[in-house]
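Novice: Quick one: sequence and predicted model below, then my questions.
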Amino acid sequence: MKYSSLASMVLVVISGIFGLILSGGNLLNALECIKAVLFAVGSIGLIIGAVSILRKDREKDKDWSEWKKRFEIFTYRVTVIIMSIIVLLYGCISDEFLFMLNH
């Protein structure tokens, strides 16, 4: 969870800076940009994780030992899916925050 939170924070900071620059300093537009980036990255991560689970070449995993050191319980496929779900969760939190600001 700490890796996905770190990845989400990096995405929030980078997309927030670009959103502020492109919107001319409008905070609501920057938050919309952050939400869109989190939703897009989380969705793409889920698709990549699902496709990697559907493939059947489990014997050909090159980096299995490195993943086994970091994530003792899960394979890298499940780890990518869990990280994507957490990124989407942060996107939902930002969407709820935007909803409360607009109403």
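Specialist: Cool, got the structure.

Novice: middle-most residue in this structure, spatially?
Specialist: Val87 (3.3 Å; Cα atoms, centre = their mean).

Novice: Name the helix or strand for that residue, please.
Specialist: Assigned by DSSP states H and E, Val87 belongs to helix 76-102.

Novice: packing partners for that helix?
Specialist: helix 2-23, helix 27-54, helix 64-70 (3 or more Cβ pairs under 8 Å, 6 or more residues apart in numbering; DSSP states H and E). Every C-beta, even on glycine, is put in place using the N, C-alpha and C of the backbone.

Novice: So Ile34 is in contact with Gly19, correct?
Specialist: Yes. If you go by Cβ atoms under 8 Å, Ile34 and Gly19 touch, sitting 6.3 Å apart.

Novice: The two - which one has more neighbours?
Specialist: Applying other Cβ atoms under 10 Å to Ile34 and Gly19 shows that Ile34 carries more neighbours, namely 27 against 22.

Novice: Please determine how far the nearest residue to Val78 once chain neighbours are set aside is located from Val12.
Specialist: Of all residues not flanking Val78 in the chain, Gly49 sits nearest, at 7.6 Å (Cβ to Cβ, 6 or more residues apart in numbering). Remark: distance between Gly49 and Val12 (Cβ to Cβ, to the nearest Å) = 21 Å.

Novice: Nearest to Val80, out of the helices and strands packed on helix 76-102?
Specialist: In terms of Cβ to Cβ, the element of those nearest to Val80 is helix 27-54, at 4.2 Å.
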